[in-house]
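**Q** Got a predicted model here, sequence first, then my questions.
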Amino acid sequence: MLWTVIAAALACADPGSVASIEVGPDNRIGDLPVELTLEVKDEDGKGLPDFCGTASLSGFVNDAGEPVTEVGPFRGGRIEVDNLHLVGESATVTVGPAHARYAPSRVPGFASILPPLFAILIAVITRQALFALFGGVWMGGLFLHGYNPLKALLSSFDRYLVDSIANHEHAAIVLFTLALGGIVGILSKCGATRALVDVIALRAKTRRSGLLTAWGAGLIVFFDDYANCLLVGNTVRPFTDRMRISREKLSFIVDSTAAPIATVAIISTWVGFQIGLFDDIFKDGSGYSLFISILPYSFYSFLTLAFVFLICFTGRDFGPMLRAERRALKTGELFRPGSKPLMDPELTEEFNKTEGAAPWWVAVVAVGSIVGIVMIGLYATGSAGAGEGAGLREIIAKADPYAVLLWASFGGSLIALILVLQGRYLDLEEATEAWVGGVKAMVMAVLVLVLAWSIGDVCKNDLLTGKWLLSNLSPSPVLLPSLTFLGAAVIALSTGSSFSTMAIMVPIAAPMAWSLTDDPSISAAAVETIRYGTLAAILSGSVFGDHCSPISDTTIMSSMSAASDHVDHVRTQLPYAVTVGGIAIATGFLPAGFGMSPWISLAIGLVLVFLVVRFVARPVDDGEDDDAAEAEPSDEELLTAN
């Protein structure tokens, strides 16, 4: 043991070799604590990965107001220190003979929420998602670069866009998206998709059955929200087009059965992430058992799934969705004239042109192979990470979903290619062109996705949007679940990321909820419902804000797979999400603060959802004039359309 310590000390670089210190970040957001980053350099400006000493600080205090004078040891020549507060406007860092003055620029705290709000506002006004998202990235850079518009513009390209693409997980999602588009291109070109639609049409001959088919498909692909968004929309879109179901409605169904089902499914890629967050906070307990305990409190997710079912089953809508559905039913226009679907309409029409006569089972096998590879891949990667003797829950929690999605998309592409070549439905040149055509159809969506990640990077990592919002909230115990839901919703709306919101909220809101045991004015029953309700509110609020946000990746993917205009999707979905979110607060999270059973809350919430659909929503085929009813096509007309 002694020799190990001596060897480690000898291996550590001499502090005298440190010539300079790089200190970051360059900006200080409002009154938030600084997350200090230090990196030592030699005389040539090169890093010192062998340095493992300490740094002396002057001008910093911790959360308790106590001076922080030393931090370390360094790891690989770097160190990151959280929750430091500057006493004045500057501080000093010393390592060996090197000194550095740290004087970050101060960015007003409220500025951290302006870029996402600007992007949302511009998206609603102009209906140009690319322009709006890039504008949000640029505005964030404007605050971070001393209000220099040129530096903000350059950093938007050379930092945020590049970092978004270079991120391993993001690159995997981009490749998965493009490859899945290629599969859709092959299946459409060879005629398998059309054949599958025809088979479905033999049993599902009405708009109701088409809507319920999309809803059911969303429930089946429960294990991952990305796979759900991209698989369901692309698979059922040709059929819903025949049924004159608007693209806005399809994208709503896809979006509202992706994250809600993934966040409450007992086995999914979301569960692994959520359990990991819980395990980090509650070291002595089981994250999975805690997840099971809070399931009944996931009011927004369950009520959303019920709301979508009732909307599909009754054929009723309200608000902008009602107008979109009546437009599609009356005129056959699946999307608004002048809209810009995330899948090129010409390429969509090209998909509908079939050059082969492949049977329906080719599409089933190809899509089924994707699902199968995902399930097997999650088990395989999870088993390797969890070790021997691990249960299924632990295996899924340790799985690598990004690698698995890549395997599934390219494996599915290979299987689709083999099937069409073996059956001689297409030759190699035709199949290759079809795959490339499908990839091209996804380019617009990928651009929007990259920009959404970029603005999320600006808000989460540099402007600290989520932390600033939380630092300005001070909820009372009784209102903690409701305010946590709203706080998570605002953060998810601003950042466009459910996972980022959960990662921000759990370490802050969970300890607040667990500290209620010291409050004698709260009953034991209320303590339990507040605790579980608060944790569930983080998950539900993240999904709710994600549904309302035009910069959310799953919202973008839903628009993409449904080939819908992205702004139209957000505009038509927003009233529905707000309605269910309001019901979730009124019947779920607010009563949880007073100790009401979640089962009673769910029952009341379901009744209220039904009443809204029954008395607020109106039948799509009961238009504002007499022509609407006459415009509804018969079953035969629907099946022979297009």
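**A** Thanks, I have it.

**Q** How about the contacts made by residue 528?
**A** Residue 528 is in contact with residue 595, counting by Cβ atoms under 8 Å, 6 or more residues apart in numbering. Any C-beta I mention is one placed from the backbone N, CA and C, and that applies to glycine too.

**Q** Look up which helix or strand it falls in, please.
**A** For residue 528, the host element (DSSP states H and E) is helix 524-548.

**Q** got the buried residues for that helix?
**A** Across helix 524-548, burial judged by 16 or more other Cβ atoms under 10 Å covers 526-527, 529-548.

**Q** swap in stretch 376-386?
**A** 377, 378, 380, 381, 382, 383, 386.

**Q** excluding its backbone neighbours, what's nearest residue 140?
**A** Using Cβ to Cβ, 6 or more residues apart in numbering and skipping the chain neighbours, the partner closest in space to residue 140 is residue 458 (3.4 Å).

**Q** and the one you found, what does it touch?
**A** 115, 136, 137, 140, 141, 144, 160.

**Q** Distance from stretch 96-111 to the middle of the chain?
**A** Offset of stretch 96-111 from its chain centre (Cα atoms, centre = their mean, to the nearest Å): 32 Å.

**Q** Quick one: end-to-end length of it, please.
**A** 37 Å (Cα to Cα, to the nearest Å).

**Q** Same question for stretch 18-29.
**A** Using Cα to Cα, first and last residues of stretch 18-29 are 30 Å apart.

**Q** Outside of that stretch itself, list whatever touches it.
**A** Contacts of stretch 18-29 (Cβ under 8 Å, 6+ apart): 34-43, 45, 48, 51, 55, 86, 93, 95-100, 102, 104-107, 109, 111-112, 143-144, 462-464, 467-468.

**Q** Mean confidence (pLDDT) on it, please.
**A** Average pLDDT, stretch 18-29: 89.

**Q** So for that stretch, what gets flagged as buried?
**A** Buried-residue list, stretch 18-29, by 16+ other Cβ under 10 Å: 18, 19, 21, 23, 25, 27, 28, 29.

**Q** go on, stretch 549-563?
**A** Those would be 549-563, for stretch 549-563 by 16+ other Cβ under 10 Å.

**Q** roughly how far out does that stretch sit from the chain middle?
**A** 9 Å.

**Q** Kindly check the end-to-end length of that stretch for me.
**A** End to end - Cα to Cα - stretch 549-563 spans 18 Å.

**Q** now that stretch: mean pLDDT?
**A** 85.

**Q** cool, stretch 86-98 as well?
**A** 91.

**Q** how about that stretch: buried residues?
**A** 86, 91, 93, 94, 95, 96, 98.

**Q** wait, the fifth one sits on residue 16?
**A** No: checked against Cβ atoms under 8 Å, the pair residue 95 and residue 16 is beyond contact range at 10.1 Å.

**Q** Surely residue 448 is in a helix?
**A** Yes: counting by DSSP: H, G, I helix; E, B strand; the rest coil, residue 448 is found in a helix.

**Q** Quickly note the distance from it to residue 494.
**A** 17 Å (Cβ to Cβ, to the nearest Å).

**Q** more crowded one of these two?
**A** residue 494 (30 against 24; other Cβ atoms under 10 Å).

**Q** so how far is the helix or strand hosting the more buried one off the chain centroid?
**A** Take DSSP H and E as the rule and residue 494 turns out to sit in helix 480-495. Here helix 480-495 is found 14 Å from its chain centre; the criterion is Cα atoms, centre = their mean.

**Q** Now it: average pLDDT?
**A** On average, helix 480-495 scores 87.

**Q** Output the contacting helices and strands for the helix or strand that that helix is followed by.
**A** On the C-terminal side of helix 480-495, the closest following helix or strand by DSSP H and E is helix 498-514. Where contact means 3 or more Cβ pairs under 8 Å, 6 or more residues apart in numbering; DSSP states H and E, helix 498-514 is packed against helix 269-281, helix 465-471, helix 480-495, helix 524-548.

**Q** Looking at those helices, spot the one closest to residue 439.
**A** Distance to residue 439, taken as Cβ to Cβ, is lowest for helix 269-281 among the helices and strands packed on helix 498-514, at 24.1 Å.

**Q** residue contacts, residue 455?
**A** 115, 116, 119, 133, 136, 137, 140, 160, 496, 551.

**Q** and those as TSV, adding secondary structure and distance to residue 397?
**A** Shown next, in TSV, are those (DSSP: H, G, I helix; E, B strand; the rest coil; distance: Cβ to Cβ, whole Å):
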residue	secondary structure	distance to residue 397
115	helix	33
116	helix	30
119	helix	33
133	helix	32
136	helix	33
137	helix	33
140	helix	33
160	helix	31
496	coil	25
551	coil	28
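
**Q** Please identify, among the residues you listed, the one with the most neighbours.
**A** residue 551 leads these on contacts (other Cβ under 10 Å) with 34 neighbours.

**Q** ok, and the closest non-adjacent residue to that residue?
**A** Nearest non-adjacent residue to residue 551 (Cβ to Cβ, 6+ apart): residue 496, at 3.5 Å.

**Q** what kind of secondary structure is the residue nearest to residue 56 when sequence neighbours are not counted in?
**A** Leaving aside its chain neighbours, residue 56 sits nearest to residue 94 (4.3 Å; criterion: Cβ to Cβ, 6+ apart). Here residue 94 is recorded as strand under three-state DSSP.

**Q** Hmm, residue 94 is touching residue 55, no?
**A** Yes: contact criterion Cβ under 8 Å: residue 94 and residue 55 qualify, at 6.7 Å.
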